[in-house]
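Novice: Fold the following for me, if possible:
(chains A and B)
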Amino acid sequence: MLIQVLLILAVVLLLVFFLRHHGKSKTAASVKIGFALFMVFGVIAVLRPAELTRLANLFGVGRGTDLLLYGTVVAFGFATINTYLRFKELEYRYAKLVRAVAIQNAEKPNAEPAEH
Amino acid sequence: MSDWSDVWLVVPVYNEGAVIAEVARRAMQTFPNVVCVDDGSRDDSAAQIRTTGAHLVRHPVNLGQGAALQTGVEYARAQPGAQYFVTFDADGQHQVADVERMLKRIKSEDVDIVVGTRFRGGDTSHIPWIKRVVLRTVVALSPRTKRLGLTDAHNGLRVFNRTVAEQMSISLNGMGHASEIVEMIDRHKWRVAEEPVTILYTEYSMAKGQSLINGVNILFDTALKTGSRR
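Specialist: Model prediction:
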C-alpha cells in the first residue's frame, strides 16, 4: 500500500534528521531512546495494524488507530513542554546577555544635570 | 534630613516617557542614587531619564519587568558604598515618604527585606475592587505567602539590604518575579517585614498597570519553573 510506504519513509526521515541534528548536542539520551521507540512503534502500527489492534485491546482501547492517536497526543504534549522549557532556558541566557551589554554601556549622570 | 547616600533606587522603565523624568526628579530630591533601567522602551524614556541625573542602564531589547529589576540590582550592588536597595515603580505609584519609613525600619530592625503592603491596616477603599479581590485571592492561594506572614506579595515597593541584593537572582523575565521574590525570601531565609504603603492609582498608572489576565501567564510560568528546577 502506498500509504504504508509514505508513512514509513516519513518516520525514517524524521528519525535520521532527529539523530543527526541532536547528535552533538546534550539532549538527554533517554529522550532520544524514547523518540526512537516511538518511531518504531509508528512503523509497526503502519505495517501490522492487526497487531496494533490486539495491543490496543490489551489496554482496553477498541481500535489500534485510537491507541496510536492517544500515544500521539501524549507525545505531542511531551514535545510541547520540552520546547517550552528549552525556550525558557534560551530566554534566560538571552536575558543574561542583554544584561551584560546593558551594564557595560551604563550611562552615569552628567556632573551637572540639565535643568528644565 | 537623613543621609541616604548608601541607598540605591532601582526603577524599571518601559515606555514611561510621559512621567519618568518627573518621578525620577522627585525621588532624587531625597535619594541621590537612582538607577533607571530602560527596558527597551520605544518612546523617549531614555532621553527623559538623561535630563534627571539618574543613572541610565538600557536593555537593547525589551525583556520584561523582572529582567529589568535584576539588571538594576546587579548594577546598583556593584556601585561603591551601596548598602540598601529599593525597587521603585516608574509610573509614580510609589511614595518617597513610604520608602523613607521602610529604610528607617531596615536600618533599625533585624530584617533583611521590607515589603510594602496595601492590606495591613489603613483604608483599602482606594484600591480598585477587582484588584483587591485578585490580590487577596493570590495571597490566600499561596501557602508560602501565608507562612511568611505576607499580605500583599505583589507590591512592587521593596527595600532590602546587601545580603538580599547579592543573593537576588530573578529568572522570570516577565511579571512572575513578585512570586519568585517571595520564593527567594523563603529559600534564603531572609528576615522579612511588611510596611503599610500607599499606592497612588492615577489614571496613568491604571492604564499602564498590568492586566489581570496576565495573572494566568504568571501562574503558568511559576508552575513550570518550579517543575523544571535542576
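Novice: by contact count, what packs against the helix or strand where A:Arg99 lies?
Specialist: Assigned by DSSP states H and E, A:Arg99 belongs to helix A:64-104. When contacts are defined as 3 or more CB pairs under 8 Å, 6 or more residues apart in numbering or on different chains; DSSP states H and E, helix A:64-104 packs onto helix A:29-47, helix A:49-58, strand B:55-59, helix B:65-77, helix B:214-227. Every residue, glycine included, has its C-beta placed from N, CA and C.
Novice: one more time with 10 Å
Specialist: Packing contacts for helix A:64-104, counted by 3 or more CB pairs under 10 Å, 6 or more residues apart in numbering or on different chains; DSSP states H and E, involve helix A:29-47, helix A:49-58, strand B:34-39, strand B:55-59, helix B:65-77, helix B:214-227.
Novice: Rounded mean pLDDT for the fifth one, please.
Specialist: In this model, helix B:65-77 has an average pLDDT of 94.
Novice: Could you give the number of residues near the residue of chain B found nearest chain A?
Specialist: Among the residues of chain B, B:Gly53 lies closest to chain A, at 3.3 Å counting by CB to the nearest CB. Residues lying near B:Gly53 (other CB atoms under 10 Å in any protein chain shown) number 18.
Novice: quick one: it from B:Gly92, how far?
Specialist: 18 Å (CB to CB, to the nearest Å).
Novice: so where is chain A shaky, pLDDT-wise?
Specialist: Applying pLDDT under 70 to chain A flags residues A:1, A:3, A:17-28, A:30, A:111-116.
Novice: which residue is nearest the centroid of it?
Specialist: Nearest residue to the geometric centre of chain A (CA atoms, centre = their mean): A:Ala79, 3.6 Å.
Novice: Quick check: that residue touching A:Phe35?
Specialist: Yes - in this structure, A:Ala79 is within contact of A:Phe35 by CB atoms under 10 Å, at 9.1 Å.
Novice: other SSEs contacting the helix or strand encompassing B:Leu135?
Specialist: If you go by DSSP H and E, B:Leu135 is part of helix B:129-141. Here helix B:129-141 touches helix B:143-147, helix B:177-187, helix B:214-227, going by 3+ CB pairs under 10 Å, 6+ apart.
Novice: angle of that helix against helix B:177-187?
Specialist: 30 degrees (axes from the mean of the first three to the mean of the last three CA atoms, to 10 degrees).
Novice: And helix B:129-141, what's buried?
Specialist: For helix B:129-141, the neighbour count (16 or more other CB atoms under 10 Å in any protein chain shown) marks B:131, B:135, B:138-139 as buried.
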